[in-house]
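Participant: for reference, the sequence and a predicted model appear below.
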Amino acid sequence: MRSPRYTILIANRKTGVVRRLTLSRRLLGFVCAGLFGIPGVLWLGARGADQAHADALQVANENLQIENQSYRQATGELTEQIDSLQTALTTLGDQAQLDPATKRALEQLQKTGKMLAIGGPSPADLAKPATSSTPEGTFGILRDLLGSLASRLESVKSRIETQQAQARAVPSIWPLVGRYSSPFGTRKDPFTGEPDVHPGIDISADQGVPVHATADGTVEAAAYDGSYGNAIVLAHGFGISTRYGHLSQFAVKPGQPVKRGDVIGYVGATGRVTGAHLHYEILLNGTRINPINLLSGR
């Protein structure tokens with residue numbers, strides 16, 4: 001059976017010429033499919049491209065969110081480290097301050113070369129940038145740098161704390177208010193008149209005047225001790241000890257901790273004496289040194 005045909009008339013309004021275009025059903029179907037199908041295909045292609053672009057944007061956005069979260073976390077960690085370093089710096093600044101008398105006494109003891117050695121990084125060391133063999137980006141480098149600086153500051157803090165402990169152990173104050181009556185070293189013996197070595201200093205005062213610990217420490221002994229009479233020995237650490245002789249009474253017991261300025265006993269005239277006074281000694285690693293070198297002005 002012959003396929004139906006369709007005639008399309010095309011007329012020119014100006015000339016009146018009419019043209020006929022005869023098409024079979026199959027050919028007309030192809031033409032319609034072309035007219036309406038191509039835009040649809042183009043629309044579907046554009047829609048697919050837009051969806052792929054949208055999917056790519058979504059993936060990129062999710063990656064940015066993850067990256068931003070990592071940056072926020074890293075920033076928070078760095079902020080905590082910076083705050084910690086600021087606190088450490090403030091603490092170091094406070095700890096590094098010594099009162100003039102204690103500083104002077106500590107310097108005098110350190111000049112003897114017998115104090116416990118201490119050490120730590122210098123300011124130049126602290127100024128050097130820390131390095132990392134495997135830094136992971138800027139935050140990794142900063143984290144390593146701050147971690148190294150914190151470690152070094154901790155070392156400096158430990159050194160300053162040791163220095164502070166030494167400062168508390170230095171006998172830097174007068175044990176009582178009185179009259180300086182006999183020096184350290186060679187003198188004339190008050191009983192024989194012969195040259196003699198005096199291992200401490202004598203401070204004259206009335207019977208019963210309070211005697212104070214000249215540094216932080218622990219009572220090593222509080223008992224009668226021959227020519228010293230009633231005597232107290234305080235151990236201050238770092239090889240430093242002090243002796244207080246000729247006391248009338250004790251205010252402390254062996255093993256008791258004391259602070260600089262605490263009352264430990266009272267002036268008396270026990271032992272080998274000519275009158276009421278305090279005999280005061282400082283020993284550094286068992287060697288007696290002149291207390292006057294460490295005492296501040298009265």
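Facilitator: Good, I have the coordinates. Residues are numbered from 1 along each chain as shown.

Participant: now the strands for the protein?
Facilitator: For the chain, the strands defined by DSSP state E occupy 5-11, 18-24, 179-182, 185-188, 195-198, 201-204, 210-212, 217-224, 230-237, 240-250, 257-258, 263-267, 277-284, 287-289.

Participant: quick check: which of these is nearest to Arg152?
Facilitator: strand 230-237 (26.3 Å; C-beta to C-beta). Just so you know, the C-beta spots here come from the backbone N, C-alpha and C atoms, and that holds for glycine as well.

Participant: the closest one pairs with which strands?
Facilitator: Next to strand 230-237 in the sheet, as set by DSSP bridges, lie strand 217-224 (antiparallel), strand 240-250 (antiparallel).

Participant: and the shortest one with strand 263-267, angle?
Facilitator: Angular relation of strand 217-224 and strand 263-267 on a 0 to 180 degree scale: 30 degrees, by axes from the mean of the first three to the mean of the last three C-alpha atoms, to 10 degrees.

Participant: buried sites along strand 217-224?
Facilitator: Gly217, Thr218, Val219, Ala222 (16 or more other C-beta atoms under 10 Å).

Participant: my read: the second one touches Asp262, true?
Facilitator: No - judged on C-beta atoms under 8 Å, Thr218 makes no contact with Asp262 at a distance of 11.6 Å.

Participant: dump the buried residues of strand 217-224 into CSV; add distance to Thr287 and pLDDT as well.
Facilitator: Listed next are these as CSV, based on distance: C-beta to C-beta, whole Å; pLDDT from 0 to 100:
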residue, distance to Thr287, pLDDT
Gly217, 18, 96
Thr218, 20, 97
Val219, 21, 98
Ala222, 23, 97
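
Participant: list just the nearest of those residues to Leu153.
Facilitator: Looking across the buried residues of strand 217-224 and measuring by C-beta to C-beta, the closest to Leu153 is Gly217, at 29.7 Å.

Participant: ok, that closest one - contacts?
Facilitator: Ala169, Leu234, Ala235, His236, Gly237, Ile240, Ser241, Thr242, Pro257, Val258 (C-beta atoms under 8 Å, 6 or more residues apart in numbering).

Participant: roughly how far does the last one sit from Val252?
Facilitator: Spelled out, that is Val258. Distance, Val258 to Val252, using C-beta to C-beta, to the nearest Å: 6 Å.

Participant: and those two? which has more neighbours close in?
Facilitator: Neighbours per residue, other C-beta atoms under 10 Å: of Val258 and Val252, the larger number sits with Val258, 21 against 18.

Participant: what about the closest residue to the more buried one other than its chain neighbours, how many residues nearby?
Facilitator: Nearest residue to Val258 in three dimensions, chain neighbours excluded: Ala213, at 4.5 Å (C-beta to C-beta, 6 or more residues apart in numbering). Using other C-beta under 10 Å, Ala213 has 26 neighbouring residues.

Participant: wait, Ala213 touches Gly265, no?
Facilitator: No - if you go by C-beta under 8 Å, Ala213 and Gly265 don't touch, sitting 9.6 Å apart.

Participant: before we move on, back to that, closest to Val177 out of the strands paired with strand 230-237?
Facilitator: Closest among the strands paired with strand 230-237, using C-beta to C-beta: strand 240-250, at 14.5 Å.

Participant: buried residues in that closest one?
Facilitator: Here strand 240-250 shows Ile240, Ser241, Thr242, Arg243, Tyr244, Gly245, His246, Leu247, Ser248, Phe250 as buried, counting by 16+ other C-beta under 10 Å.

Participant: and the furthest pair within those residues?
Facilitator: Ile240 and Ser248, at 25.7 Å, using C-beta to C-beta across these.
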